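In: Sharing a model that was predicted from the sequence below.
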Amino acid sequence: MIELTFALGCVAGALGALVLTCMTLLCGCGKCLMWTPMTDATALLGDPSYRVKQLPTPAASGFALKIFAAIGGGTGILSQNLRRLLLNGNEMSSIRALSYQIMREGRTPVVHYPMLRLDDKGLAKHQRLASEAERPRKQRGPYNSVLDYHAAFQSGASSPVKVLENIFEAVDSLPSELRVFREMVGRDALRREAQASTDRYATGKFLSVFDGVPVAFKDMVFMSGINCTRGTDPSWGTGLEKKDDVTIARLREVGAVVLGLTVMTEFGTTPLGYSPHAQAPVNAYDPSRYPGGSSSGCGIGAALGLFPVALGFDGGGSVRIPASMSGIVGLKCSWGRIAVDDDYCAANVASGPMAGSAVDAALFYEVIGKPVADHFYSKLYGATSLPPAHCFNFNRVDDLSDLRLGVYQPWFDDCHPEVRAKSSEALNFLQLRGAKVVPIQIPNLEVLALAHGVSISVEFAAVHDKQLWDAPKTLEPATHVQLALGASMTGNEYHSTQWIRGWAIDYFEELFRSQELSGIFTPTIGTLPPVMPPAARATGESNTTLVLSLLQYIFVANLCGLPAVSMPAGVSTEGLPIGVHLMGKQWDEHVCLRVANAMDMPQFRTTPPKFVNLLS
């Protein structure tokens, strides 16, 4: 009944749009209702008030979503007007208003790629910290770490061959709704890799602590012999790749057993995490709930213990949101930090490790974070080299007195009561270890969030433009709607977001400097892992209100290119994971990882019901 009511509402809305279109044409006002008038009062630059508006956007899934996608995703004037009505209802004019005020100030340039270039002093500091950094050590969390695997392989308590067979057994026994891999490497090939690693340990010639350790990658990187689909219909994938992405190649060089590519939501356009194409995964703690996305397979696989660490991608929380909902650690690195062979030109997307423990995230980061001399990131950075990836002070967790954590209290408090309570407990824990809390203010958060949404939506629409218009039936309905909305945004609106990005980067750089902040501390998401409507299993779900709640604390790091980490902070009364979030200065991943290591304590950690111990 709810779906039918919404479907009728969609039809009524479409008819309304048709009437408005006819009136527009009759009045000679043009072919499409492009935008609403803009004045300075629409959004005031520097407005310190914290305001949250509830957008009038009903949720849709199943049959209702299919109807909405058919009406709203087309190419005709009716469809175009419907999309613009939806966009205008989200106060898109506020982006133009804020951008205009920034432009008139004349102090902030347009910034497309959010990369901070360090001066000579800043670069020398990171080089010194890298030279002084110690090898990361494990805390007392419940997950087997890379170091545990390495010790077991050295002692003979286990072997890469035994661990791999345990993985096969676990994957075969999991219910289909907990599907982790979009495609695994062939089992015979994996067995050969595991046997070669086992032989190296037998002769004491192992390559690194990663030798024989299973790792995985999101379905967004090129892996030899596998079709990279980015979560969509396989017919639109890249085909069987002939070589590995640089990140995969680096893990193979240190002896890791690369298992395959994990399930993700289509193109990463939704943070909910469930993929109708894969019919999976659901939340590892409660199958009636979403797992978080878009790196959902990486999150679920690490939470279940199938691998200690995986590489995810994050354009709007796609590493941190599933990490929070799965009870693991997820680090989104600085924009430009991790070189990959594809999607590196996306101005909002950065990659990073998703791991059962902070030490695994740190060790993985050290391997994949090394600059590549001829990569686009290195060329964009300039004449000097990118700052080195390091984990300075990672092991210094008992004394955090050198850390200053910014907290914008109205923002921090604007979440589910249980999320707020657990986040406060985590903050108190860090304070007991010496960290100082610094009250801060952040203006224009609403418009910054909208600017991020416009920027990444336009990027999605541009990258997937051909599939959207040539083969829309291969897309999930929610993706179809999202891409069509991105294609309906104007050049004025997109360019305005880049002016806002430049202003935001300057603002946060000055905030970190003036307050001597080590990071900004918040919950990871504003709600508990949400319940998934049954109809969404076939079609996905379009739910702007829910998505905004998930992105509430996430988007700044993507807009400004900053590193940020989600860390487990315990569970709710229903046993659902809750995460907390730290956003640092660009190139300060080591600070994020250190705090994650401090939080990697038994009181904050748990495992899902179907967790497997591959070393037992």
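Out: Great, that's in hand.

In: Excluding chain neighbours, what is closest to A59?
Out: N543 (3.9 Å; CB to CB, 6 or more residues apart in numbering). Using the backbone N, CA and C atoms, a C-beta is placed for each residue, glycine as well.

In: same question, R137
Out: Here the residue nearest R137, using CB to CB, 6+ apart, is N395, at 5.1 Å.

In: Could you check how far that neighbour is from L85?
Out: 55 Å (CB to CB, to the nearest Å).

In: Show me the strands in the stretch 51-200 of the chain, by range?
Out: Taking DSSP state E, counting those that start in this stretch to define them, one finds strands in the stretch 51-200 of the chain at 60-61, 181-184.

In: The last one - contacts with which helices or strands?
Out: Contact partners of strand 181-184 among helices and strands, from 3 or more CB pairs under 8 Å, 6 or more residues apart in numbering; DSSP states H and E: strand 257-262, helix 296-304.

In: strand partners of the shortest one, parallel vs antiparallel please.
Out: Right, the one you point to is strand 257-262. Paired with strand 257-262 in the same sheet, following DSSP bridges, are strand 181-184 (antiparallel), strand 214-218 (parallel).

In: Relative to R117, which of those strands is closest?
Out: In terms of CB to CB, the element of the strands paired with strand 257-262 nearest to R117 is strand 214-218, at 28.3 Å.

In: Next secondary structure after the closest one?
Out: Using DSSP states H and E, the helix or strand that follows strand 214-218 in sequence is helix 246-253.

In: Dump the C-alpha coordinates for that following helix into CSV.
Out: Extracted as CSV, the C-alpha positions of helix 246-253 are listed here (Å, rounded to 0.1, in the frame of the first residue of the first chain):
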residue,chain,number,x,y,z
VAL,A,246,49.7,-0.4,-9.2
THR,A,247,48.2,-1.0,-5.7
ILE,A,248,47.5,-4.7,-6.4
ALA,A,249,51.0,-5.1,-7.9
ARG,A,250,52.5,-3.7,-4.7
LEU,A,251,50.7,-6.2,-2.5
ARG,A,252,51.8,-9.0,-4.8
GLU,A,253,55.4,-7.8,-4.6
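
In: Number the residues from 42 up from this point.
Out: From this message on, residue numbering opens at 42, which makes the last subject helix 287-294.

In: what separates it from the chain centre, distance-wise?
Out: Computed by CA atoms, centre = their mean, to the nearest Å, the separation of helix 287-294 from the middle of its chain amounts to 21 Å.

In: What helices and strands are in contact with it?
Out: Applying 3+ CB pairs under 8 Å, 6+ apart, one finds that helix 287-294 contacts strand 255-259, strand 298-303, helix 399-409.

In: Just tell me which of those ends up closest to S200.
Out: Proximity to S200 (CB to CB) singles out strand 298-303 among these, at 11.5 Å.

In: what residues does that closest one touch?
Out: With contacts defined as CB atoms under 8 Å, 6 or more residues apart in numbering, strand 298-303 is touched by 201, 205, 208, 221-226, 231, 234-235, 238, 253-260, 262, 264, 267, 269, 289, 292-293, 336-339, 342, 347-348, 351.

In: How about stretch 481-488?
Out: Applying CB under 8 Å, 6+ apart, the set of residues contacting stretch 481-488 is 84, 86-89, 91-94, 135-136, 139, 447-449, 452, 541, 548, 552, 556, 558, 561, 597.

In: 6 Å instead, please
Out: Residues outside stretch 481-488 that contact it (CB atoms under 6 Å, 6 or more residues apart in numbering): A84, G87, D88, P89, S135, L139, G447, Y449.

In: okay, the first one: pLDDT?
Out: Going back to what we said before, that points to A84. Looking at A84, its pLDDT reads 83.

In: Repeat that for the second one.
Out: On pLDDT, G87 comes in at 91.

In: before we move on, what about the fifth one?
Out: At S135 the predicted local distance difference test score is 91.

In: Count the residues that sit near it.
Out: 21 (other CB atoms under 10 Å).

In: before we move on, what about the one 5 residues further on?
Out: Neighbours of S140 under the rule other CB under 10 Å: 28.

In: try the one 4 residues further on
Out: Applying other CB under 10 Å, we find 14 other residues in the vicinity of M144.

In: now the residue nearest to R178, what's its secondary structure?
Out: coil (DSSP: H, G, I helix; E, B strand; the rest coil).

In: quick one: it and K179 touch, right?
Out: No: the criterion here is CB atoms under 6 Å, and N436 misses it with K179 at 9.7 Å.

In: More neighbours: which of these two?
Out: Between N436 and K179, counted using other CB under 10 Å, K179 has the larger neighbour count: 21 against 18.

In: Would you state the strands of the stretch 342-491 of the chain in chain order?
Out: Assignment of strands within the stretch 342-491 of the chain using DSSP E, counting those that start in this stretch yields the ranges 350-355, 370-373, 391-396, 445-448, 477-480.

In: Could you spell out the sheet neighbours of the second one, each with its direction?
Out: For strand 370-373, sheet partners with direction are given as strand 391-396 (antiparallel), strand 605-612 (antiparallel), following DSSP bridges.

In: and whichever helix or strand comes after the longest one with strand 605-612, angle?
Out: Per DSSP H and E, the first helix or strand lying C-terminal to strand 605-612 is strand 618-624. Strand 618-624 and strand 605-612 are oriented at 150 degrees to each other (axes from the mean of the first three to the mean of the last three CA atoms, to 10 degrees).

In: Centroid-nearest residue for the protein?
Out: Against the mean C-alpha coordinate of the chain, by CA atoms, centre = their mean, the closest residue is S359 at 2.1 Å.

In: got the contact list for that one?
Out: By CB under 6 Å, 6+ apart, S359 lies in contact with G309, S335, S336.

In: By neighbours, which of the residues you listed wins?
Out: S336 (39 neighbours).

In: Look up how far G342 lies from it.
Out: Taken as CB to CB, the span from S336 to G342 is 10 Å.

In: Let me know the helix or strand that H521 is in.
Out: Assigned by DSSP H and E, H521 falls in helix 518-528.

In: was I right about V460 contacting T563?
Out: No: checked against CB under 6 Å, the pair V460 and T563 is beyond contact range at 10.1 Å.

In: Hmm, D641 is touching G182, no?
Out: Yes: using CB under 6 Å, D641 is in contact with G182, at 4.7 Å.

In: Find the residues that touch each one of these two.
Out: With CB under 6 Å, 6+ apart, D641 and G182 have common neighbours S398.

In: Report how many residues lie close to T310.
Out: By other CB under 10 Å, the residues close to T310 number 29.

In: Run a quick neighbour tally on the closest residue to it other than its chain neighbours.
Out: Spatially, and ignoring its direct neighbours in sequence, T310 is nearest to Q523 (4.6 Å; CB to CB, 6+ apart). When neighbours are counted by other CB under 10 Å, Q523 registers 27.

In: where's Q523 relative to A321, distance?
Out: As defined by CB to CB, Q523 lies at a distance of 20 Å from A321.

In: And for S398?
Out: From S398 to A321 the distance is 25 Å (CB to CB).

In: Could you list the low-pLDDT ranges of this protein?
Out: 42-82, 93-99, 384-385 (pLDDT under 70).

In: Name the stretch among the strands of the stretch 92-241 of the chain that sits most buried.
Out: Mean neighbour count (mean count of other CB atoms under 10 Å) peaks for strand 101-102 among the strands of the stretch 92-241 of the chain, with a mean of 28.

In: Quickly run through the sheet partners of that strand, with directions.
Out: Sheet pairing for strand 101-102, assigned by DSSP bridges, gives strand 582-583 (antiparallel).

In: Thank you, goodbye.
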